Structure formats: C-alpha cells, structure tokens
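> What would the 3D arrangement of this be:
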Amino acid sequence: MENYICKSPVAMIFFNRPDTTKEVLDAIRVARPAKMYLISDAPREGREDDTEKVAACRKLVEEGIDWPCEVHKNYAESNMGCRDRVASGITWVLSQEERTIILEDDVVPAEDFFPYMDTMLEAYKDNRKVMMVSGTNLLKNYHMPMPYTFSCFSSIWGWGTWARAWNLYDVDVKDWPEVKASEKLAGIHGHFSYMFLKKDIDSVYTHTKDTWDIQWDYCRHIHRGLGVVPRENLIRNIGFDREDATHTTGSTVEDFSYGKMTFPLPIVTSVRRDLEYDKAYINKYFGMRKVVNFVKKKLKKEK
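The predicted model follows:
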C-alpha cells in the first residue's frame with residue numbers, strides 16, 4: 001500500500017547490531033509514523049565492543065528518524081538483559097499509549113505490514129478475546145479463506161497489542177506452579193505441544209532462560225486470548241545464523257518471503273479460534289521430528 005502513513009505509535013527495540021537496526025529503521029521510514037518509542041539496553045559489563053556498537057545504534061536511529069515524528073527514548077543505564085529490557089520497555093510504552101506496534105532490531109516489515117496493523121489494532125481494540133496482532137505467517141501451505149484468522153499461536157516477530165492486554169502480563173509467571181498442577185492449559189494444546197509449553201514456562205519461572213516472550217504466550221493462554229494472524233507473511237527475520245543473536249544463533253529453513261494484502265481489509269465480527277490453523281501450527285512446530293530431537297538430547301544428557 002504505497003504512501004501509507006502509519007497511525008499507531010511504533011516501539012523499536014534495539015541493542016548492538018547497527019546493520020540489522022538500520023534495515024529495520026529503513027522499513028519503518030517508508031510508513032513515517034508520527035510517534036516512535038526507542039528502547040535500548042546498555043552495554044554488557046566487560047564487553048568493550050558493546051559500548052561502541054550500542055552507541056552507534058542509538059545514534060543511527062536518532063539521526064535516521066528524518067521525518068516529522070515525536071520521539072521518546074528509554075535507554076538503560078546498565079545492562080538489563082533480554083527479559084527485563086524488552087518487558088519493561090513495552091510496559092513503559094503502554095503506560096502512555098492505548099496501543100503500539102512493536103519491532104525488534106532484526107524484524108523487517110513489508111510495506112503492507114503497517115496498514116494491516118493499524119486496521120487490526122483499531123478493529124479489535126475493545127474485543128478482549130483478541131490480545132495481539134501478528135505480522136508473521138510462516139504456514140505457507142495452510143489455506144486461509146479470509147485475509148487473516150485468529151489463533152492461539154501468534155508470533156512476536158512484528159506485532160502489536162493494547163495496554164488492556166499487556167496489563168495482564170506477568171514477566172515472573174508467579175502463578176505457574178498452581179496452573180501447572182491444575183493442568184488448566186492442557187486443553188489448548190495437543191499432548192506433545194503441551195509438553196514443550198510446560199518445559200518453556202518452567203525455564204522462565206526458574207529464570208534459567210533470559211527471555212520475555214514465553215511469558216507473553218503464557219499470558220494469552222491463561223486468559224484464553226487470541227492473536228490475529230495474516231494470510232500473507234509480512235515480515236522478514238534477518239537475525240538468524242549470527243553470533244550476536246540472542247536466541248537465533250542457528251540457521252533457519254523458514255520462508256520469509258513477503259505476501260501482498262488487499263485493502264481495505266474486511267472486518268470479521270465473529271472472533272473464533274481457528275482450530276484448523278492451530279492444528280497445522282502444532283504439526284509444524286511440535287510434530288514428531290521435534291519430539292524425536294528432544295528425546296535424543298535428553299538421552300545424550302543422561303549418558
């Protein structure tokens with residue numbers, strides 16, 4: 001959608017990768033949002049290379065916003081880590097805004113991403129069944145009759161949400177022991193996917209994994225919240241196969257090619273979980289291949 005001006009505030013989260021940060025900012029520049037929130041972690045202790053790179057990223061973004069834009073900055077003075085920096089940054093934005101679009105420094109949006117996000121964030125702002133809007137769809141073989149659907153499994157690679165939904169978020173997942181014992185979430189997943197979900201939530205409850213997004217998945221699951229998923233993929237993740245990645249140091253076989261949306265988008269008034277999409281998602285990401293690999297790793301550790 002050419003010459004589109006983004007209506008929603010955009011939160012950009014970046015750290016120490018000037019090359020990917022620039023590519024994301026260049027994509028944002030096309031949509032010229034009127035308001036941006038900049039979230040940056042501080043250099044890690046003992047990493048002199050971080051000092052230069054973090055400073056370069058901050059300078060790059062500040063000088064690169066060369067259109068009329070209200071800019072707000074939240075820069076950490078000491079390193080907070082992925083979990084606390086991202087979670088606190090989003091909380092900061094949504095303490096001031098009703099909604100926001102969120103882009104990390106390795107997620108490059110297509111032009112159609114912004115009008116799609118604006119439309120969905122406005123259409124479902126008061127529907128408490130909907131807790132987020134995602135710009136990612138990597139299930140290329142799944143036939144989606146409408147331009148978007150509603151799923152339990154929505155990606156944070158290019159996404160948006162509302163303060164009313166984020167206010168339910170708990171980065172510490174303090175009620176996990178009780179929820180785990182009650183098996184309240186078992187009905188959302190198949191057997192294997194629930195096994196992996198429990199493992200993931202255990203890892204953030206015990207602080208063995210430094211991340212924030214598992215807690216957001218948990219928040220949506222526990223509140224039976226859905227995410228909007230587009231029929232066409234609208235983002236590229238350029239953070240794979242890099243030594244400076246946080247969680248994507250390996251390579252990927254995902255097809256991140258962009259699709260095209262047709263505007264204006266129809267507004268679906270009856271919000272229901274797309275069980276067929278979720279089955280396809282579970283089959284792709286929690287299927288037998290992942291189970292076999294999981295068992296192999298477990299047996300190797302026990303030797």
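> For the helix ranked longest in the chain, list the C-alpha coordinates in PDB.
Using DSSP state H, we find that the single longest helix of the chain is helix 48-64. Provided in PDB are the C-alpha atoms of helix 48-64 (Å, rounded to 0.1, in the frame of the first residue of the first chain):
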ATOM      1  CA  GLU A  48      34.100  -3.200  25.300                       C
ATOM      2  CA  ASP A  49      32.800  -3.900  21.800                       C
ATOM      3  CA  ASP A  50      29.200  -3.400  23.100                       C
ATOM      4  CA  THR A  51      30.000   0.200  24.200                       C
ATOM      5  CA  GLU A  52      30.800   1.300  20.600                       C
ATOM      6  CA  LYS A  53      28.000  -0.700  19.000                       C
ATOM      7  CA  VAL A  54      25.300   0.400  21.400                       C
ATOM      8  CA  ALA A  55      26.300   4.000  21.000                       C
ATOM      9  CA  ALA A  56      26.300   3.500  17.200                       C
ATOM     10  CA  CYS A  57      22.800   2.000  17.200                       C
ATOM     11  CA  ARG A  58      21.400   4.800  19.300                       C
ATOM     12  CA  LYS A  59      23.000   7.500  17.100                       C
ATOM     13  CA  LEU A  60      21.900   5.700  13.900                       C
ATOM     14  CA  VAL A  61      18.200   5.500  15.000                       C
ATOM     15  CA  GLU A  62      18.000   9.100  16.400                       C
ATOM     16  CA  GLU A  63      19.600  10.600  13.300                       C
ATOM     17  CA  GLY A  64      17.700   8.300  11.000                       C
END
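> and it, what does it pack onto?
In terms of contacts (3 or more C-beta pairs under 8 Å, 6 or more residues apart in numbering; DSSP states H and E), helix 48-64 is packed against strand 10-14, helix 18-31, strand 35-40, strand 70-75. For the C-beta atoms, the positions are set from N, CA and C on the backbone; glycine is no exception.
> which one of those is the most hemmed in?
Highest mean neighbour count of these: strand 10-14, a mean of 24 (counted as mean count of other C-beta atoms under 10 Å).
> Parallel or antiparallel, which strands does it pair with?
Applying DSSP bridges to the sheet, strand 10-14 is found paired with strand 35-40 (parallel), strand 99-104 (parallel).
> Can you list the residue ranges for strands in the stretch 51-200 of the chain?
Ranges of strands in the stretch 51-200 of the chain, per DSSP state E, counting those that start in this stretch, are 70-75, 99-104, 107-109, 130-134, 148-151, 159-162.
> that older thread, quick check: angle from the longest helix of the chain to helix 18-31?
Going by axes from the mean of the first three to the mean of the last three C-alpha atoms, to 10 degrees, helix 48-64 is angled at 20 degrees with respect to helix 18-31.
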